[in-house]
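Engineer: Mind looking at a prediction? Sequence and model below.
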Amino acid sequence: MDDVVFTPGAADPYIDWAAAASLSGEDADELATPRGDGVPNLIKFGSNIAGNLALTGSNMVLVPDSGESGIPWIGLVTEGSGKVLAIQYLRRKDGAVIYTPEFTSDLKIWSPSGSAETTQGINSTWERVTVKDAPPTGAKSRFGRVRFSKP
């Protein structure tokens, strides 16, 4: 009789992350905020934040150019002789999360960034991504965000 070999499919890294944080049931849902900090699990997972950590103040936002954990940083950077809005965020290299940086002038209509991104490798799982806004002519105010979703 031939041996039967079972090869499981690729594991979902989100499930492993939730289990490591002792999240189960509704608390393990991607949109849940079981730690009461208002940050959904999927954003924590996609930002290299432990699922059992409640975020507050300074431990919440990615430190630009050096951070290895934290929600996206949004701020002004020097570009030529002026300043532009930029977003810096961590991105999983395994494709377990889809990251969509977006910009707007009115907080109503968000558009995916049309600018080139720059990346900096951190390790085999993570990279740091920076996207600079390319505002339309005459824009007085600009806002940015990163939308997180599952593939």
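Structural biologist: Sure, I can see it.
Engineer: Helices of the chain, start to end?
Structural biologist: For the chain, the helices defined by DSSP state H occupy 13-20, 41-45.
Engineer: Most tightly packed of these?
Structural biologist: Burial of the helices of the chain is given as mean neighbour count (mean count of other CB atoms under 10 Å); helix 41-45 ranks first at a mean of 22. All C-beta spots, glycine's among them, are computed from the backbone N, C-alpha and C.
Engineer: I'd like to know which elements that one is packed against.
Structural biologist: helix 13-20, strand 143-149 (3 or more CB pairs under 8 Å, 6 or more residues apart in numbering; DSSP states H and E).
Engineer: Check what pLDDT the closest residue to residue 119 other than its chain neighbours gets.
Structural biologist: Nearest non-adjacent residue to residue 119, counting by CB to CB, 6 or more residues apart in numbering: residue 127, 4.9 Å away. Looking at residue 127, its pLDDT is 98.
Engineer: Share the number of residues neighbouring residue 127, please.
Structural biologist: 16 (other CB atoms under 10 Å).
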